[in-house]
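>>> what would the 3D arrangement of this be:
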Amino acid sequence: MVTLKRVYVFATCIISGIAGLFTIISLATEEWIVTDSAIWIGDPDVPNKIKYGLFEGTFTKRLPTTITLQISMTCLMKENVCAVLCAGSSDARYELLRRINDGTETSPDDDINCPAVSLVNSVPRRFSTRLHNNSTDTKKFINCGVWVSTIFFLVLSLFFGLISSAMSMYNVVTNPVQVFLSITGLYIYNGIAMGCCLMAMVLWGIMHIIITYHNIAIRPTLLGMMTSDKRASLGYSYWINIISVAFYFGSICILYTRQMILSKDPGYKIEKQVENASPDGLYLY
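Sure thing, here's the model as predicted:
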């Protein structure tokens, strides 16, 4: 009787599940884009810290006092633009983005109603900033299509990763005949999960090089009051997806190793011959 090598399949279950967990962490955390050196135009000695994920983030302003505001991803689908803004309500954020996109936003400071995460002292929250003449490349919005696609591929990667984990456990306790439930299906599910995760990283990485590396896409940078040109970088929420990719690849390697070990087992070869001759096509290994 050939050894089933179920431990390899169980290892695939654990590893694929962990890879999916890292994808969840990536989606939930707020450090896809980070900078701690964005500066006000005309006042380069006052750096500001911005970090945000695919949904929310924080903006720490240090002029004239230190205050941390909650910012949220806001998109206009028809215009294919997104920015990370704060306002008193979601409707106010969409209206603010529309004004910025249309070039009709004239208020130098519109965050009086923004939700504050922390405030260092009691200095009034309205800052004495003013609008500057925008250069032709100042308004670099986050591409809405890339944002949606990144989320889509990550969710798809998570879905197939969890399917792989569940089907691996199923293969530990039984020997299914159907391709989509068998070991072959595990190859497919892990491959799709890995490919989707890679695609999300490629899309967001290219957009960062083109857009957010030069303009972090918050209100002050879009209006020319602040610059983040060449001061932003990809945070751990982005890079953690490499772990997921590596784990999915590791699952495929484990399954291949199992297959190689079984192929060298004489009992496996005999049972494969019996299987091929069996009219009902049942797996006997």
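
>>> which stretches of the stretch 51-200 of the chain form helices?
Assigned by DSSP state H, counting those that start in this stretch, the stretch 51-200 of the chain shows helices spanning 90-102, 144-173, 183-207.

>>> mind showing which ranges of the protein have poor pLDDT?
Applying pLDDT under 70 to the chain flags residues 1-4, 63-64, 108-112, 118-138, 265-285.

>>> if I look at Ser251, how far off is Gly17?
From Ser251 across to Gly17, the span is 10 Å (Cβ to Cβ, to the nearest Å). C-beta here means a position set from N, CA and C on the backbone, and glycine is covered the same way.

>>> more neighbours, these two?
Using other Cβ atoms under 10 Å as the criterion, Ser251 and Gly17 rank with Ser251 on top: 32 against 18.

>>> residues in contact with the host helix or strand of that one: which ones?
Here Ser251 sits within helix 241-263, counting by DSSP states H and E. For helix 241-263, the external contacting residues (Cβ atoms under 8 Å, 6 or more residues apart in numbering) are 2-3, 5, 8-9, 11-12, 15-16, 18-20, 22-23, 26, 154, 157, 161, 164, 183, 186-187, 190-191, 193-194, 197-198, 200-201, 268-269, 285.

>>> swap in 7 Å and give it another go.
For helix 241-263, contacts defined as Cβ atoms under 7 Å, 6 or more residues apart in numbering pick out 2, 5, 8, 11-12, 15-16, 18-19, 22-23, 26, 157, 161, 164, 183, 186-187, 190-191, 193-194, 197-198, 200-201, 268, 285.

>>> report the distance from stretch 12-29 to the chain centre.
With Cα atoms, centre = their mean, to the nearest Å as the basis, stretch 12-29 stands 12 Å off its chain's centre.

>>> likewise for stretch 242-254?
On Cα atoms, centre = their mean, the centre of stretch 242-254 falls 17 Å from that of its chain.

>>> got the domain ranges for this structure?
When the chain is parsed with automatic domain parsing, its domains come out as 6-29+144-265, 33-139.

>>> winner for burial among the ones you listed?
domain 6-29+144-265 (a mean of 19; mean count of other Cβ atoms under 10 Å).

>>> now do that domain: distance to the chain's middle.
With Cα atoms, centre = their mean, you get 9 Å for domain 6-29+144-265.

>>> now do stretch 73-82
Taking Cα atoms, centre = their mean, the mean C-alpha location of stretch 73-82 is offset from the chain mean by 18 Å.
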